[in-house]
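Colleague: Build the 3D model from these lines:
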Amino acid sequence: MQTPLQITMQNVPRSEALEARIRESAAKLEKFHPRITSCRVAVDEVDKHHHQGRQFRVRVEVRAPGHEQAVSTLHHHEDVFVAVRDAFDSARRQLEDEVR
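Modeller: Residues are numbered from 1 along each chain as shown. Down below sits the predicted model:
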C-alpha cells in the first residue's frame with residue numbers, strides 16, 4: 001500500500017485485538033489486488049436508540065489504480081469482529097471481481 005492503513009474508531013473503545021484484526025484483514029486484501037494504494041477503515045457504534053443492545057458499523061474503503069471509484073463496503077453487526085470480517089469479505093469479493 002502506498003498510503004498507510006487508516007483506522008478510525010468512534011464511540012468504540014480502542015482495542016489492540018480489534019486493530020490487529022483490521023491490520024491483518026487489510027494485509028490479506030493485497031493478495032487479491034497487489035496495487036492497492038490506500039485502505040481506510042471506520043468503526044463506530046450505531047445509535048443505541050434504534051436497536052436493543054450494541055450494534056457496530058464497519059466501513060472499508062479501498063482504492064487502487066485504474067478504478068474510478070473506491071471499493072466501499074458497510075456492514076452492521078452486534079459483534080464488532082463479525083462486522084469487520086463481513087466488511088473485509090465484501091471488499092475482497094469486489095476486488096476479485098475488478099481483477100477479473
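
Colleague: just for this protein, where's the confidence low?
Modeller: In the prediction, the chain carries residues with pLDDT under 70 at positions 48-52, 67-70, 99-100.

Colleague: Where do the strands of this protein begin and end?
Modeller: Assigned by DSSP state E, the strands in the chain fall at 6-10, 38-45, 56-63, 71-77.

Colleague: Rebuild those as CSV, extending it with distance to residue 98 and mean neighbour count.
Modeller: Quick note: C-beta positions are derived from backbone N, CA and C, even for glycine. Compiled in CSV, those are given as follows (distance: least, Cβ to Cβ, whole Å; neighbours: other Cβ atoms under 10 Å):
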stretch, distance to residue 98, mean neighbour count
strand 6-10, 21, 13
strand 38-45, 14, 19
strand 56-63, 10, 22
strand 71-77, 7, 17
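
Colleague: Distance from stretch 55-67 to the middle of the chain?
Modeller: Computed by Cα atoms, centre = their mean, to the nearest Å, the separation of stretch 55-67 from the middle of its chain amounts to 6 Å.

Colleague: picking that back up, distance to residue 83 added to the strands of the chain, as JSON lines?
Modeller: As requested, the strands of the chain are arranged in JSON lines below (distance: least, Cβ to Cβ, whole Å):
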{"stretch": "strand 6-10", "distance to residue 83": "12"}
{"stretch": "strand 38-45", "distance to residue 83": "8"}
{"stretch": "strand 56-63", "distance to residue 83": "4"}
{"stretch": "strand 71-77", "distance to residue 83": "4"}
